[in-house]
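Peer 1: Sequence and predicted structure, then a few things I'm wondering about:
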Amino acid sequence: MTDTPTRTCSACRSALDPDATRCPQCTQRQPDVVLTRDLPGRVAGGVCAALAHHFSWDVTLMRVLFVSSIAVTGGVAFWVYLAMWLMTPFRAHERAPLARFFDAAGNLFTSPNQQPLPTRE
């Protein structure tokens, strides 16, 4: 027996690699895939690498599209990148940076006799 966890495809029920975003048999996108930034090939924030992995594209193509979109949109794409970074967790079972910020801000405003807000990490 192997201790490698496997999943099954939601469409054809074939065995999948735990990190697979699509089924190799029927090419169906898996609904339980979480967008994370902890990927090999990430350069700055990992958003382009995460999107490339999620859509099964080449990372270089995603970066070229990102830089092109910055030029075309006059910088709006940079703010979209920043928002994606704030809302995307680094690993699958961690909280996104924006969620951690709001948790910390909420804990600042609790009175000493109240319990702090629970965090999921």
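Peer 2: All right, it came through fine. Numbers count the residues shown, from 1 in each chain.

Peer 1: Now do the helices in this structure.
Peer 2: 47-55, 59-73, 76-87, 97-108 (DSSP state H).

Peer 1: Nearest to residue 7 among those helices would be which one?
Peer 2: Distance to residue 7, taken as Cβ to Cβ, is lowest for helix 47-55 among the helices of the chain, at 16.1 Å. Where you see a C-beta, it was placed from the backbone N, CA and C, and this is true even at glycine.

Peer 1: which other residues reach that closest one?
Peer 2: Residues from elsewhere that reach helix 47-55, judged by Cβ atoms under 8 Å, 6 or more residues apart in numbering: 21, 33, 35-37, 39-43, 57-59, 61-63, 66, 81, 84-85, 88.

Peer 1: Now the buried members of the residues you listed.
Peer 2: 35-37, 39, 42, 59, 62-63, 66, 81, 84-85, 88 (16 or more other Cβ atoms under 10 Å).

Peer 1: export the residues you listed to a markdown table and tack on distance to residue 104 and pLDDT?
Peer 2: A markdown table is the format used below for these (distance: Cβ to Cβ, whole Å; pLDDT from 0 to 100):
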| residue | distance to residue 104 | pLDDT |
| --- | --- | --- |
| 35 | 23 | 80 |
| 36 | 21 | 82 |
| 37 | 20 | 83 |
| 39 | 26 | 80 |
| 42 | 25 | 78 |
| 59 | 32 | 91 |
| 62 | 31 | 92 |
| 63 | 32 | 93 |
| 66 | 30 | 94 |
| 81 | 23 | 93 |
| 84 | 21 | 92 |
| 85 | 17 | 92 |
| 88 | 18 | 89 |
